[in-house]
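Visitor: Just need the structure, nothing else, for what follows:
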Amino acid sequence: MAAKRLFLFFVIGNDDGKEKMSNQHYGGCDPPIPWIGGKSVLIPVIRRIMPDYPKKYVEVFGGGGALTFSGKIAPIQIYNDFNQHLVNFMRTLKSRADELISRLTGVYNADGSLSDDLIRAYFLNARDQFIISSKVFYHGEDFDDYYEQIKKIINSAQTHDEKLHKLWLAGEIIKEYDDRTKDPRLWDAVNFYILMKCSYSATGTSWAIKPVNYESVINLLNGAFRMLQSVIIEHKDCIDLIKFHDAPGTFFYCDPPYYMAEDLYNGVPLFGDEKHKQLHDTLLNCESKVLLSYNDCKFIDELYCEDKWYKMRVARPNSMILHNEPGALYNEFLIANYDIFSLYNNGVQTTFFNDYEPIDNEGRIVL
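Guide: Numbering: from 1, shown residues only. Okay, the predicted model is just below:
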């Protein structure tokens, strides 16, 4: 095909002391919640190849909102996702930040009274808190299932000490379930955040042994709260959203579930082959400018085969396996219906790249 291609290789935190650029460089903040497939590491490149001064910016597959929170992009900004729990978290953070932060940091007791310990640590990423949130979040809609989960916890105890602990745990789960019935939207946001923040790779299913810093969590949530005040939050199917907002002057950024990795996302219908094709067909006829990120694979390469598409190949650190394979890279596409190479080579949106060689003899850029 006629579309130009380029290979980019990223080395973050290299030995020459250069650091990854913070979102604060663009007037933004870091995403408040971890998310599978987050684009924080690619923000310097994506911001560089965005069209200048769009009238409206639409993040179709919002996820953790890395681009939304990276800084102002357009006068009208729209964040969208099909995961109802993620959208509820963002809406709760936007409209009820004080209550959300208070429930997470323990400033108030469950009955709304002020805690005796105003600065007690954020839930400490304890396994017990993860279990409590998990049972209420995943089983709270079906009381029979929820009841069976509590019985399993109690019956799993063997020793006297275990029985005492399991009884306490069951009591805490019942308390939290009761709190959720009184204010389901707030507690859905609280439990969802805990599960994402304290799980391995933000899957929400397996507890991860990792520190959670009290002050950084509050700073992240407060920063995101401020950013969301100028953002419209939507909960729509991607095709419906694109068709509704498509117009000259609109810029769509699409970060759909990656091909053959769609089952990593819980709580939404599987994004299968037909949906990938439907997304392509919709974007193909858009009047708006479109930028997509995808995994580098034959299916996507052949799907976006028309001459109108510009394809930029990117290799970035593979965060899923870096602890086992240092230096491991993950290959993906940036695909656009406008000339992203001209913007990349001549863009002046950031001076981040000024300290680096543009492209070496092998066609690579090392950051």
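
Visitor: residues in contact with stretch 335-348?
Guide: With contact meaning CB atoms under 8 Å, 6 or more residues apart in numbering, stretch 335-348 is reached by 4, 6, 45, 48-51, 283, 286, 289-294, 300, 304, 308-312, 334, 349, 358. Every C-beta, even on glycine, is put in place using the N, C-alpha and C of the backbone.

Visitor: Name the single longest helix found in the protein.
Guide: helix 160-182 (DSSP state H).

Visitor: how about the helices of the protein, start to end?
Guide: Counting by DSSP H, the helices of the chain are 43-48, 84-95, 97-105, 127-139, 143-155, 160-182, 184-197, 214-228, 238-245, 273-284, 298-303, 340-346.

Visitor: Please identify the buried residues of the fifth one?
Guide: Pointing back at helix 143-155 there. 146, 149-150, 153 (16 or more other CB atoms under 10 Å).

Visitor: picking that back up, which of the helices of the chain sits closest to Y253?
Guide: Within the helices of the chain, the stretch nearest Y253 is helix 43-48; the backing value is 7.4 Å (CB to CB).

Visitor: Need the CA coordinates for that closest one. PDB is fine.
Guide: C-alpha atoms of helix 43-48 as PDB (Å, rounded to 0.1, in the frame of the first residue of the first chain):
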ATOM      1  CA  ILE A  43       1.800  10.100  25.300                       C
ATOM      2  CA  PRO A  44       4.900  12.000  24.100                       C
ATOM      3  CA  VAL A  45       4.500  10.500  20.700                       C
ATOM      4  CA  ILE A  46       0.700  10.600  20.500                       C
ATOM      5  CA  ARG A  47       0.600  14.300  21.600                       C
ATOM      6  CA  ARG A  48       3.200  15.100  19.000                       C
END
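
Visitor: From the contact count, pick out the helices and strands touching that helix.
Guide: helix 340-346 (3 or more CB pairs under 8 Å, 6 or more residues apart in numbering; DSSP states H and E).

Visitor: Show me which residues of the helix it packs on are buried.
Guide: 340-341, 343-344.

Visitor: Over that helix, what's the mean pLDDT, rounded is fine.
Guide: For helix 340-346, mean pLDDT is 86.

Visitor: Which pLDDT value goes with the residue of the chain positioned farthest from its centre?
Guide: Computed with CA atoms, centre = their mean, the residue of the chain farthest from its C-alpha average is H160, at 42.3 Å. H160 carries a pLDDT value of 93.

Visitor: circling back to that earlier point, now for the buried residues of helix 340-346: which two are most distant?
Guide: F341 and L343, at 7.3 Å, using CB to CB across those.

Visitor: quick one: low-confidence ranges for the stretch 1-150 of the chain?
Guide: Applying pLDDT under 70 to the stretch 1-150 of the chain picks out residues 1-26, 106-125.

Visitor: 90 - rerun?
Guide: 1-28, 35-42, 44-45, 52, 101-130, 140-147 (pLDDT under 90).

Visitor: end to end, how far does stretch 236-253 reach?
Guide: 15 Å (CA to CA, to the nearest Å).

Visitor: From the chain's centre, how far out is that stretch? Work that out for me.
Guide: Its chain's average C-alpha position is 20 Å from that of stretch 236-253, according to CA atoms, centre = their mean, to the nearest Å.

Visitor: For it, buried residues please.
Guide: 236, 238, 241-242, 245-246, 250-253.

Visitor: And these, which two are furthest apart?
Guide: Longest span within the buried residues of stretch 236-253, CB to CB: K236 and F251, 17.4 Å.

Visitor: Where does pLDDT dip in the stretch 201-350 of the chain?
Guide: 201-219, 260-272, 295-297, 312-333, 341-342, 344-350.

Visitor: Now for D30, how many residues are close by?
Guide: As a burial measure, D30 scores 19 neighbours (other CB atoms under 10 Å).

Visitor: Dihedrals phi and psi, it?
Guide: phi -70, psi 150 (degrees, to the nearest 10).

Visitor: separation between it and A315?
Guide: Going from D30 to A315 by CB to CB, to the nearest Å gives 23 Å.

Visitor: again, but for G71
Guide: From G71 over to A315 (counting by CB to CB), the distance is 25 Å.

Visitor: what about S40, distance to D30?
Guide: Taken as CB to CB, the span from S40 to D30 is 7 Å.

Visitor: what residues are up against K197?
Guide: 33-34, 125, 212, 217.

Visitor: Kindly write the PyMOL command that selects the buried subset of those.
Guide: Remark: buried members of the contacts of K197, expressed as a PyMOL selection using 16+ other CB under 10 Å:
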select buried, resi 33+34+125+212+217
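
Visitor: Of all pairs in the contacts of K197, which one spans the longest distance?
Guide: I33 and N125 (14.5 Å).

Visitor: quick check: domain ranges of this protein?
Guide: What the record gives for the chain is the domain set 5-82+236-355, 96-221, from automatic domain parsing.

Visitor: So what's the gap between the first one and the chain middle?
Guide: So that's domain 5-82+236-355. The answer for domain 5-82+236-355 is 12 Å, by CA atoms, centre = their mean.

Visitor: For R226, which non-adjacent residue is closest in space?
Guide: When the adjacent residues along the chain are set aside, R226 lies closest to C29, with 7.6 Å between them (CB to CB, 6 or more residues apart in numbering).

Visitor: How about I232: what's its closest non-neighbour residue?
Guide: I78 (4.7 Å).
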